[in-house]
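Asks: next one to model:
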Amino acid sequence: MFDKSAKTFPSKEQTIFMGHCAVSPLFAKAAVAMQEFNRKMSIDGIKALPDYLDVMPRLHDNVGRFLRTSPKNISYVHNTAEALCMIANGYPFSPGDEIISYQHEYPSNHYPWILQKKRGVKLTLIADNPPLQKYAHLQKPTGWSMAELTGKITKKTRIIAFSHVQYTSGFAADLPALGEICRQNGIDLVVDCAQSLGCLPVYPEEFGVSAVVASGWKWLMGPMGSGLLYTSKNFREKLSETMAGPGLMRQGLNYLDLSWDPHDDGKKFEYSTLPWDHVAALNVVLEELFLKYSMESIRDEVFRLQDLFLQECAASGLQYLTFPEPNRSGILATEPRGESKAYLEFFKKKGFIITAPVGYLRFAPHFYNDDEQMVTAASYVNEAVAALHH
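Replies: Got it, this is the predicted structure:
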């Protein structure tokens, strides 16, 4: 069903890449699209632009289909931090309002909310709470409790801001359940999907999510410095503009018309010049991969590859964080025996790429990895534990 060929995914010729939770190999056809845009620009400059006037409308349409929503709800952004700052700074908070988040959120989904303290807003952080008792001994982030979250909700809670998948442990929020809690309490749910978009199904309207932000260079395998933003119409209407430029205004290229007439759809956040080569690349990724295959089939293939990997590396004795189905993600994390740096160096010599940002070893295969790679990767893990532990 899936095209897993090295021709389509040339990184397979050099490495076993299982670091998709960090910076993925750029999808080869996306790289070609970027190169072609820049080649034309190097020759023709502005003369080349008419050939690319469709790239932004195409992106809005493609992402809308991907997320099962209207293209009007889609915005291109440069990264998750930019999107979350525009949301947090534009939200109509009043002194005494409250935000709920998790104490180990990725910085891009933490600092924008910290800034709201200047406006008299309280940021409540729920503690780390191991989802399963067998992980209670770990001294690293594991996950959080829905019971604790609901216990923190008050009449002043305006926003709940969580990552769909925690970058440390791989713990995934049950988005439909979380969205229902927010619906019942009139709370806006803002979700950082950097670690899920391209791996797990994300349907914000079905899940009751007000805003989704994601970077393009992880599971989406797009270019660094690219990102996507979804906002519901009702949520977007609440937000004040915090960034302004010609792209914000309906009058477009009529620069002498300086009247204040901002877009009210997703273009509200596309305030100025955008990197069209990045946009072209994301279109290729979506059209060639994520609209070609269903997200459910991609998720299932990732989980199948994980299961094979776990089965083959059981001899290592490492304990992986494995969660119930609603909390499962593309990341398998384990606490190594000894320093994670030694494992990374060992694997690098084998051409096996993973990451370990907080001491966990993170194994994150994607759908194009194959069974042989999983078996070989597991053998490297078994070998590393034997060599480094002894």
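
Asks: show me how this protein divides into domains.
Replies: Per automatic domain parsing, the structural domains of the chain span 10-18+294-389, 39-290.

Asks: out of these, which gets nearest to M1?
Replies: Ranking those by proximity to M1 (CB to CB) places domain 10-18+294-389 first, at 7.0 Å. For every residue, glycine as well, the C-beta is placed using N, CA and C.

Asks: name all residues that make contact with the most centrally placed residue in the chain.
Replies: Residue closest to the average C-alpha location in the chain (CA atoms, centre = their mean): A194, at 1.0 Å. By CB atoms under 8 Å, 6 or more residues apart in numbering, the contact set of A194 is T80, Y106, S108, S163, Y167, V213, A214, S215, K218.

Asks: and the residues you listed, which of them are in helices?
Replies: Assignment to helices by DSSP state H places the following of these there: T80.

Asks: tell me which of the contacts of A194 is nearest to T334?
Replies: Of these, the one sitting nearest to T334 (CB to CB) turns out to be Y167, at 14.9 Å.

Asks: show me the contacts for that closest one.
Replies: So Y167 contacts C21, Y106, A194, Q195, I331, P357 (CB under 8 Å, 6+ apart).

Asks: roughly how far does H104 sit from C182?
Replies: 21 Å (CB to CB, to the nearest Å).

Asks: cool, and D307?
Replies: 32 Å.

Asks: now the strands for this structure?
Replies: Per DSSP state E, the chain carries strands over the ranges 16-17, 74-77, 98-102, 122-126, 157-163, 188-192, 211-215, 227-231, 332-334, 352-353, 361-363.

Asks: do you know which of those lies nearest A244?
Replies: strand 74-77 (14.6 Å).

Asks: thinking again about what came up before, what's the local residue count around the nearest residue to the residue nearest to the centre of the chain once chain neighbours are set aside?
Replies: Residue nearest to A194 in three dimensions, not counting chain neighbours: S215, with 4.6 Å by CB to CB, 6 or more residues apart in numbering. S215 sits with 26 neighbouring residues when counted by other CB atoms under 10 Å.

Asks: same thing with N62?
Replies: N62: 20 neighbours (other CB under 10 Å).

Asks: contacts only, for it.
Replies: L282, N283, L286, E287, L291.

Asks: using a markdown table, lay out the residues you listed together with distance to G227.
Replies: Conversion of the contacts of N62 to a markdown table gives the following (distance: CB to CB, whole Å):
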| residue | distance to G227 |
| --- | --- |
| L282 | 9 |
| N283 | 14 |
| L286 | 14 |
| E287 | 18 |
| L291 | 18 |
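
Asks: out of those residues, which are buried?
Replies: Buried residues within the contacts of N62, counting neighbours by 16 or more other CB atoms under 10 Å: L282, N283, L286.

Asks: out of these, which are inside helices?
Replies: Taking DSSP H, the ones among these that sit in helices are L282, N283.

Asks: wait, which of the buried ones among the contacts of N62 is closest to K117?
Replies: Using CB to CB, the buried ones among the contacts of N62 come closest to K117 at L282, 34.3 Å.

Asks: sorry, back to before: now, the most widely separated pair of the contacts of A194?
Replies: Y167 and V213 (13.7 Å).

Asks: gap between A364 and P326?
Replies: Taking CB to CB, one finds A364 at 19 Å from P326.

Asks: neighbour count: the two, which is higher?
Replies: Neighbour count, other CB under 10 Å: between A364 and P326, A364 has more, with 27 against 11.

Asks: separation between the more buried one and E339?
Replies: A364 is 20 Å from E339, by CB to CB.

Asks: residue ranges with poor pLDDT in the stretch 201-350 of the chain?
Replies: Along the stretch 201-350 of the chain, no part satisfies pLDDT under 70.

Asks: let's see it at 90
Replies: 314-317, 337-339 (pLDDT under 90).

Asks: between D307 and C182, which is the more surrounded one?
Replies: C182 (20 against 13).

Asks: give me the nearest residue to the more buried one, chain neighbours excluded.
Replies: Counting by CB to CB, 6+ apart, the residue nearest C182 is L189, at 4.2 Å.

Asks: can I assume that neighbour is in contact with G208?
Replies: Yes: counting by CB atoms under 8 Å, G208 is a contact partner of L189 at 6.4 Å.

Asks: so between those two, which is more surrounded?
Replies: Neighbour count, other CB under 10 Å: between L189 and G208, L189 has more, with 25 against 20.

Asks: which ones are touching the more buried one?
Replies: Counted by CB under 8 Å, 6+ apart, L189 has contacts I159, I160, F162, L178, G179, C182, G208, V209, S210, A211.
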